[in-house]
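Undergrad: Here's my sequence, what's the structure:
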Amino acid sequence: MIQSFPMSHLRRIPLLTVCLLALPVLASDHAPPPVQPATSFAAVEVHEKENVAIAAEPYDTKQKESIFRVDYLAHGVMPVRIIITNNGNRPISLRDARILFQTAGGDRIQAAEPEDVLRLMTRKDREGGKVPLPGPLPPIKLKAKGSSKEIEADFDAFEYGVLVVEAHTTRAGFLFYDVSQLDHPLKGAKLHLHKLRDADGNELFYFEIPFDKYLQSKSRDMN
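TA: A predicted model of the protein is given here:
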C-alpha cells in the first residue's frame, strides 16, 4: 500500500490483489471501479515535464462508497481513490512515497491502517448514533455496523498497493483518511504527495491536488 511513511512498512498484499487494480470491474458486489487515465478526473495535477499525472477522487457519497463492505463515511473516514498515470518511457517508484490529506487549516493527516479504522469505529459504536425523540423521552442510540474482517477485506481489495508505475501505465487504488474531526473535510483541502522517484532515484516535484476541483465539478453536475 501507499502510506504516509516509507514503503518498507508494507502490509502483506497478495500479488493477485495488486494486479486486479489495473483490471476492469468483475462481476462482484465489492469490486474496484475500472481504471481510467488520471486526466479523466476533475481533481488532477499534471506534470508535463515529468510525464506524470495524478488524480484524487473522494468517495464522499453513500452511492459511491457502496462498493465497500463498511460505511466508512458514517465513521468519519474518507475513502480517496488515487489514480497515477505515467506517460513517460521509464517507470516511477512510490516505494518512499508520502501521500497525506492536507486540511484547509494546513494540518496533514496520514492514511489510516485497518486497525486505525477499527479503533475509530469502536469509539463510534460506544458513543452510538442518536435518534432524537419528542421530549421528555431520551434519544434512542443506534449502533454502527462493521467488523474487523470486513475492514480487512476492503483494504485487501481496494487499498493502493503498487510500488512501481510502469511506463505508459495507469495504476489506481484507495487510501482511507480519518476526517472525523472536520465538519467539511474536502472544502479547501488538498491531497499532498511527495517522495515519488524516477527510474534514476531522483525525486519528482511534489503534487498538491485541491479537492475544491472535485467539489466544483460535483456542483456543476448537480446543476
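Undergrad: Please make it C-alpha for all contacts and neighbour counts, starting now.
TA: Will do.
Undergrad: Give me the three-state assignment for V35.
TA: Here V35 is recorded as coil under DSSP: H, G, I helix; E, B strand; the rest coil.
Undergrad: And the strands in the chain, which stretches?
TA: Under the criterion DSSP state E, the chain contains strands at 44-47, 52-58, 77-86, 92-93, 98-102, 108-109, 129-131, 140-142, 164-165, 169-178, 190-194, 207-210.
Undergrad: tally of neighbours for I84?
TA: Look at I84: counted by other Cα atoms under 10 Å, it has 23 neighbours.
Undergrad: Pick out the residue closest to the middle of this protein.
TA: Against the mean C-alpha coordinate of the chain, by Cα atoms, centre = their mean, the closest residue is V80 at 2.5 Å.
Undergrad: can you pull the contacts of the nearest residue to that one once chain neighbours are set aside?
TA: Spatial nearest neighbour of V80, chain neighbours left out: P58 (4.3 Å); criterion: Cα to Cα, 6 or more residues apart in numbering. Contacts for P58 (Cα atoms under 8 Å, 6 or more residues apart in numbering) come out as M78, P79, V80, R81, Y214.
Undergrad: show me where pLDDT drops low in this protein?
TA: By pLDDT under 70, the low-scoring segments of the chain are 1-28, 124-146, 222-223.
Undergrad: ok so, going back, can you add distance to D29 and give the contacts of P58 back as CSV?
TA: Compiled in CSV, these are given as follows (distance: Cα to Cα, whole Å):
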residue, distance to D29
M78, 20
P79, 17
V80, 19
R81, 18
Y214, 26
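Undergrad: and which of the residues you listed is nearest A199?
TA: Of all those, the one with the least separation from A199 (Cα to Cα) is R81, at 24.4 Å.
Undergrad: The residue nearest to the centre of the chain and A55 touch, don't they?
TA: No - in this structure, V80 is not within contact of A55 by Cα atoms under 8 Å, at 9.9 Å.
Undergrad: shared neighbours of those two, which are they?
TA: Residues touching both V80 and A55 (Cα under 8 Å, 6+ apart): none.
Undergrad: To S66, which of the strands of the chain lies closest?
TA: Here strand 77-86 is closest among the strands of the chain (Cα to Cα), at 11.4 Å.
Undergrad: F205 and H194 touch, don't they?
TA: Yes - under the criterion of Cα under 8 Å, F205 makes contact with H194 at 7.2 Å.
Undergrad: Comparing those two, which residue is more hemmed in?
TA: H194 (18 against 13).
Undergrad: Name the residues linked to the more buried one by a beta bridge.
TA: Taking DSSP bridges as the rule, H194 bridges to R98.
Undergrad: Now do the contacts for it.
TA: When contacts are counted by Cα under 8 Å, 6+ apart, H194 touches A97, R98, I99, L204, F205, Y206, F207.
Undergrad: ok, and the most crowded of the residues you listed?
TA: Counting by other Cα under 10 Å, top hit in these: I99 with 25 neighbours.
Undergrad: Strand 169-178 and the helix ranked longest in the chain, what's the angle between them?
TA: Using DSSP state H to define each element, the chain has its longest helix at helix 114-127. Calculated by axes from the mean of the first three to the mean of the last three Cα atoms, to 10 degrees, helix 114-127 forms an angle of 40 degrees with strand 169-178.
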